[in-house]
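A.B. asks: Need a 3D model of the sequence below.
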Amino acid sequence: MCIRDRVAIGESTIGCRREMRNNTPAPKFEIAMLTFIAMERARTAREAIKIMGNLAVKYGYGHTDSGEMLCVADPNEAWIFEIMPVGPLWTPESGKPGAIWCAQRVPDDHVSICPNESRIGEIDLNNKDYFMASSNVISYAVEHGYYDPNSGKPFSWKRAYSPVEASATSSNGSRARMWRFFDLVAPSQNFSPDTPNMDFPFSVKPDKKLSVADVMNILRDKYEGTQFYTARGIQGGPFENPNYLPYGFKLDGKRYSLPRCIGVNRAEYVTVTQSRDWLPDPIGGIVWIDLGAQDTGCFMPFYIGINRIPRSFEIGDHWEFDRKSARWAFDYVDFHTQVVYSHAIKDVRKAQEKWEKSAIDRTPEIDEKALKLYKESPAKAREFLTEYCNNNANLVINAWWELGDYLLVKYNHLWEYNISERKRKPLTYPEWWLRELVKYNKLQPPEEKKEK
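C.D. replies: Alright, predicted model coming up:
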């Protein structure tokens, strides 16, 4: 995720037809480099898309990447941009486009999602306000037999280049993100989990306007209350942990898929971006960053006008625990939460409510102060925002270290310690799990002694 001058970009891998991949060194661009250059040069979402598309067509796209999707937004527009390689035989000397791409704008009163699946369907290139594409967007499909213009059917980008015949139900939830998003934002439309993902609309008008907090909650979703809930039944264990078996498993030579939720526990970081048109660039753009997994981390605001970030954000090694590293503070809490999830997550949510809500509620006040300083001196506004963001982040990081220590003590040895009263009691196990334990281990209660 990147944001600059209130242009924000987020990535989602979507794949493409196998024969379209180009893993040779001939293409000079993959998705990360395209993103970096676009963020350096573009001041609008449209500019970013055109820059990336033109570079990929001229110099080639692929190498380490296949089909990729970017959500590209600025204060006025939001787009979905999808790009594919054009096969391993392409070379710069061929004179042909080195990539194929398409972009569709999200209507102003709609929302859309990038769920690791292609989203763009039928396109209307005459409607330049809502569609952009490379010159070979349809011709490549015709040339390679992915689309027959004489079929009487309209051309569909996703069906031509990245077809996935699955639904939330047919995939046992491994492809339920699409359905779940639409179900969460527009429940009144009663989207069915049996609907093939290819048949979902590109975007939808939500039942209500979504807030920053709403988006954060969507990113944490584990399919609670549905047949795809990842802690359902025995899968979650006695403490209803929704993070077990995130990849499915293999048993007796057979592969079993399990639901892949929106809030996956292996997230390195999560972001929510805001691009606001009523404020100058340094104040109008905000990135809310959660350095850990969504369910156990905490979103912290960073205005794009800041001059520096906390030193702890620059430190982090997967293989070496370090209390100077911000990411380890969140992983520390996450680790202690996983052990007794249903108990510990309540403590985590209280901390999230405290720190996230206060930062969200404080945003208008910070905006106002920063704007006042900006009119006097942009440099003063930047320093004010830098101090605010860094101080808030340091407070959150310290709070998460303290929360991790608290969870370690409170649930030590799988007991529950009341720290204030200095008393302990056994953890409560659900009755259904105890019944399964008795059944599986063939446990028998001891015989009662008869009174003489």
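A.B. asks: only C-alpha atoms for contact and neighbour calcs from this point on.
C.D. replies: Will do.
A.B. asks: what bits of the stretch 101-250 of the chain have low per-residue confidence?
C.D. replies: Across the stretch 101-250 of the chain, no stretch falls below the confidence threshold (pLDDT under 70).
A.B. asks: Now do the helix or strand hosting Glu436: everything it contacts.
C.D. replies: Taking DSSP states H and E as the criterion, the element that holds Glu436 is helix 431-440. In this structure, residues lying in contact with helix 431-440 by CA atoms under 8 Å, 6 or more residues apart in numbering are 234, 237-238, 443-444.
A.B. asks: Selecting buried members of the residues you listed in PyMOL, what would you type?
C.D. replies: Under the burial definition 16 or more other CA atoms under 10 Å, those of the contacts of helix 431-440 that qualify are selected in PyMOL by:
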select buried, resi 237+238
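A.B. asks: Might one say that Phe321 is in contact with Arg327?
C.D. replies: No. Proximity of Phe321 to Arg327 does not meet the contact threshold set by CA atoms under 8 Å, at 9.8 Å.
A.B. asks: So the two - more neighbours on which side?
C.D. replies: Neighbour tally, Phe321 and Arg327, criterion other CA atoms under 10 Å: the higher count belongs to Arg327, 25 against 14.
A.B. asks: Spit out the contact partners of that one.
C.D. replies: Contacts were defined as CA under 8 Å, 6+ apart; by that measure Arg327 touches 291-292, 312-313, 316.
A.B. asks: which residues in this structure form helices?
C.D. replies: For the chain, applying DSSP state H gives helices covering 31-41, 45-59, 139-143, 157-161, 177-185, 212-219, 281-284, 326-339, 341-376, 378-410, 431-440.
A.B. asks: Give the rounded mean pLDDT of the last one.
C.D. replies: This means helix 431-440. This predicted structure assigns helix 431-440 an average pLDDT of 94.
A.B. asks: and Glu365, how many residues sit next to it?
C.D. replies: Using other CA under 10 Å, Glu365 is surrounded by 10 other residues.
A.B. asks: Just list the residues touching it, thanks.
C.D. replies: No residues are in contact with Glu365 under the rule CA under 8 Å, 6+ apart.
A.B. asks: Val72: what's it in contact with?
C.D. replies: Here Val72 is in contact with 7-10, 45, 48-49, 78-81 (criterion: CA under 8 Å, 6+ apart).
A.B. asks: who wins for most neighbours among these?
C.D. replies: Counting neighbours by other CA under 10 Å, Phe81 comes out on top of these with 30 neighbours.
A.B. asks: nearest residue to that residue other than its sequence neighbours?
C.D. replies: When the adjacent residues along the chain are set aside, Phe81 lies closest to Ala103, with 4.2 Å between them (CA to CA, 6 or more residues apart in numbering).
A.B. asks: Near that neighbour, how many residues? Count them for me, please.
C.D. replies: Neighbour tally, Ala103, other CA under 10 Å: 26.
A.B. asks: Would you mind measuring from it to Ala133?
C.D. replies: Relative to Ala133, Ala103 is positioned 6 Å away (criterion: CA to CA, to the nearest Å).
A.B. asks: what is in contact with those two at once?
C.D. replies: Overlap between the neighbourhoods of Ala103 and Ala133 is empty, taking contacts as CA under 8 Å, 6+ apart.
A.B. asks: can you pull the contacts of the residue nearest to Phe81?
C.D. replies: Residues counted as contacts of Ala103 (CA under 8 Å, 6+ apart) are 49, 79-82, 120, 131-133.
A.B. asks: do that again at 7 Å, thanks
C.D. replies: Contacts for Ala103 were tallied using CA atoms under 7 Å, 6 or more residues apart in numbering; they are 79-82, 131-133.
A.B. asks: ok, of these, which one's closest to Leu408?
C.D. replies: Minimum separation from Leu408 among the contacts of Ala103 (CA to CA) is found for Ile80, which lies at 43.1 Å.
A.B. asks: Is it correct that that closest one is in contact with Gln104?
C.D. replies: Yes. Counting by CA atoms under 7 Å, Ile80 touches Gln104, with 5.4 Å between them.
A.B. asks: Would you agree Ala42 is in contact with Ile49?
C.D. replies: No. In this structure Ala42 lies outside contact range of Ile49 using CA under 7 Å: 8.7 Å.
A.B. asks: what about Ala351, distance to Ala326?
C.D. replies: From Ala351 across to Ala326, the span is 16 Å (CA to CA).
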